[in-house]
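J.: model the structure of this input:
(chains A and B)
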Amino acid sequence: MINFEEELKKFHPSLEIEEAEDAIYNQDLTDIADLLVGLVKEDKESSLSKEDKQ
Amino acid sequence: MICYNCGATLTHNDFCTNCGADVARYKKIVSTANLLYNMGLDKARVRDLSGATETLRQCLKLDKSNVDARNLLGLVYFEIGEYVLALNEWVISKNLRPTKNIADDYISLLQDNPAKLDTYSQAVKKYNQALSYCYQGSLDLAVIQLKKVLSLNPKYVQAHQLLALLYINDEQWQDAKKELNRCQKIDVGNTITLRYLNETRNILDMDEEDASYPTGGLEIKGRKGVLDSAKKNREVISDTSYAPIARKENKTITTVVNVAIGILIGIAVAYLLILPARITAAREGVDESLKAAGEQLDAKTAQINSLEQELNSSKNQNEKLKEELEIYTGESGKLSAVDSLLGAVNSYLENPDDMKAVADYLDQIDQDTLAGAGESFGTVYKLMMSKVGVDVGSTYYDSGMKAYQSEMYEDAIKDLTKAYTYDNSNGDALYNLGNAYRKSGDIVNAIETYNKVIEEFPDTEMATRSQQYVNELNVD
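T.: Just a heads-up that it's a prediction; the model follows:
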């Protein structure tokens, strides 16, 4: 049976045109590829620092 | 596919031939993203827009630079009425690939039609308002608002769903079903739509079965589907065999009651419509009468004021005339003075020796009236005084001196005053008048009289004595 109150909570206000600019600027565009590149860079830096210590 | 490190085009190798970076995992991520894009595209083609949205979002989480996926996601958003989200995706896409990007066309399509964009904006605002009404519990207002939203933007899936939910809450199952069918035409795979639709269909199916088996309540209990408490109540009611008979009886009673209610409403309406008009007309009549009466009252008041003013001026005039008349007719009036003078003249002409009678008449003439009298009056008065004044004065002098010697000073003062008035050359009369005042104890008049003696009869013995008395009295 549908619970009206519970279902109503699933509806959220839509973005208005005036809010579009903020939404674009505040959107988190980080993707898995970014994370991977970051990990690779970190790995490289850590290996370089180890070599320097040796 | 390009290298994430140097931007060079990648080959089939797991490393970049330009910079040597390991691109094996990167290539897998990008390939998975491409796969998800293809899945999203397939879903979009069969109008499973919710599924497509979900898949394309996952694709973009793996690879944000997949411009095709982003453009498609924008298109899907646009199709379900979420224009702002669509614009977001296209703007980001345009930034990622500034040239040769179909997002350009999509953005231009919206921007070149401000009226349409405004309509979409209004729809979003009204939808948010409707949602606010729902949270506040104003569900009827929310339904009205959502209908407006859908007239502005018929593809707004969220608005359709919310309206369907409100209909379900209000047990308007057919209306809910219509809205949900419209949702399904736009987005076939939306789980919310499917769930609501399933619920609605179940209820409607049960209603149809109820209609085909009016006394089959027990069978309904056995069938699959969701049964709510309201449904159970309906089954219990349908079980009772008295229901149809009761309905027939109720129908007749209901008809009679409805007719009675209709008549009452008719009467009420007639009274509500006719009575106010009559009351207004009556009020207007009363107002006009009051206005006329008020005007009359004002006119009368003005007339009364005018008459009062006239009366006051008449009274003042009357008082003045009375005063003037008093001057002529009073005891000391001019007419009285004239009468007295004429009496004196007549008495003198009849018997010149009767000085007493002439003196009585002349005594009645007030000295103030004499001062304000005319020239003829004054001349006659002086003539009479020259004829009888000395003799009358002598008579008064004798009687005054007798009274003085008898120490009757009040009579002495009276007669001696007259003696000097009739004959002002009689210095003895004036001197003895001063003595009478002094002996009667009237010091002020005594000094005044003595001073007059000194002034009128200087260088006489009377003046010397008077001076002595004045000095004595001043010392005292």
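
J.: going by C-alpha atoms from here, please, whenever you check contacts or count neighbours.
T.: Will do.

J.: helix/strand/coil for residue B:13?
T.: Under DSSP: H, G, I helix; E, B strand; the rest coil, residue B:13 falls in the coil class.

J.: so for chain B, the centremost residue is which one?
T.: Geometric centre of chain B, nearest residue: residue B:287, 24.1 Å, by Cα atoms, centre = their mean.

J.: and the worst-scoring helix or strand of chain A on mean pLDDT, what's buried?
T.: Among the helices and strands of chain A, helix A:32-53 carries the lowest confidence by mean pLDDT, DSSP states H and E, at a mean of 82. Residues of helix A:32-53 classed as buried: A:32-34, A:36-37 (neighbour count, 16 or more other Cα atoms under 10 Å in any protein chain shown).

J.: ok now that helix, how far from the chain's centre?
T.: Helix A:32-53 has its average C-alpha position 21 Å from the chain's average C-alpha position, going by Cα atoms, centre = their mean, to the nearest Å.

J.: contacts for it next, please.
T.: B:4, B:25-26, B:29-30, B:61-63 (Cα atoms under 8 Å, 6 or more residues apart in numbering or on different chains).

J.: kindly recompute the last result at 10 Å.
T.: Contact with helix A:32-53 is made by B:4-5, B:21-23, B:25-30, B:33, B:59-65, as judged by Cα atoms under 10 Å, 6 or more residues apart in numbering or on different chains.

J.: and the residues you listed near chain A, which?
T.: Near chain A, judged by Cα under 10 Å from any Cα of the partner chain, the entries from those are B:4-5, B:21-23, B:25-30, B:33, B:59-65.

J.: could you flag which of the residues you listed are buried?
T.: Neighbour-count burial (16+ other Cα under 10 Å) applied to the ones next to chain A among the contacts of helix A:32-53 gives B:4, B:22-23, B:26-27, B:29-30, B:33, B:59-65.

J.: mind checking which of these are in helices?
T.: Mapping these onto helices (DSSP state H) picks out B:26-27, B:29-30, B:33, B:59-62.

J.: surely residue B:463 touches residue B:457?
T.: Yes: under the criterion of Cα atoms under 10 Å, residue B:463 makes contact with residue B:457 at 6.3 Å.

J.: the bottom helix or strand of chain B by mean pLDDT?
T.: The helix or strand of chain B with the lowest confidence, counting by mean pLDDT, DSSP H and E, is helix B:217-222 at a mean of 39.

J.: which SS class is the residue of chain B positioned farthest from its centre?
T.: In chain B, the residue that sits farthest from the middle, by Cα atoms, centre = their mean, is residue B:353; the gap is 98.4 Å. Under three-state DSSP, residue B:353 falls in the coil class.

J.: how near is it to residue B:391?
T.: For residue B:353, the distance to residue B:391 (Cα to Cα, to the nearest Å) stands at 10 Å.

J.: same check, this time on residue B:360
T.: With Cα to Cα as the criterion, residue B:360 and residue B:391 are 13 Å apart.

J.: ok, those two, which is more surrounded?
T.: Set residue B:360 next to residue B:391 and count neighbours by other Cα atoms under 10 Å in any protein chain shown: residue B:391 wins out with 19 against 15.

J.: shouldn't residue B:445 be in contact with residue B:438?
T.: Yes: with contact defined as Cα under 10 Å, residue B:445 counts as touching residue B:438 (7.9 Å).

J.: so for the two, which sits in the more crowded spot?
T.: Neighbours per residue, other Cα under 10 Å: of residue B:445 and residue B:438, the larger number sits with residue B:438, 21 against 16.

J.: pull the contacting residues for the more buried one.
T.: B:409, B:432, B:444-447, B:449-450, B:469-470, B:473.

J.: quick one: average pLDDT of stretch B:465-476?
T.: In this model, stretch B:465-476 has a mean pLDDT of 84.

J.: what's the burial count for residue B:425?
T.: Look at residue B:425: counted by other Cα under 10 Å, it has 15 neighbours.

J.: could you verify that it is part of a strand?
T.: No: counting by three-state DSSP, residue B:425 is not found in a strand; it is coil.

J.: quick one, grab the pLDDT at it.
T.: 84.

J.: try the one 10 residues further on
T.: pLDDT recorded at residue B:435 is 91.

J.: check which element follows the helix or strand harbouring it along the chain.
T.: Using DSSP states H and E, residue B:435 sits within helix B:427-440. As assigned by DSSP H and E, the chain's next helix or strand after helix B:427-440 is helix B:443-456.

J.: tell me what that next one is packed against?
T.: helix B:427-440, helix B:461-475 (3 or more Cα pairs under 10 Å, 6 or more residues apart in numbering or on different chains; DSSP states H and E).

J.: buried stuff in the shortest one?
T.: Read it as helix B:427-440. Neighbour-count burial for helix B:427-440 flags B:427-438 (criterion: 16+ other Cα under 10 Å).

J.: also the longest one?
T.: Judged by neighbour count using 16+ other Cα under 10 Å, the buried positions of helix B:461-475 are B:462-464, B:466-467, B:469-470.

J.: just give me the closest of these to residue B:173.
T.: Nearest to residue B:173 among the buried residues of helix B:461-475 is residue B:470, at 136.7 Å by Cα to Cα.

J.: surely that closest one meets residue B:431?
T.: No: the pair residue B:470 / residue B:431 is not scored as a contact, 12.0 Å apart, by Cα under 10 Å.

J.: check contacts around the residue of the stretch 101-250 of chain B found nearest chain A.
T.: Distances between the stretch 101-250 of chain B and chain A by Cα to the nearest Cα are smallest at residue B:128, namely 5.1 Å. Residues near residue B:128 by Cα under 10 Å, 6+ apart: A:11-16, B:122, B:134, B:142, B:145-146, B:149, B:159.
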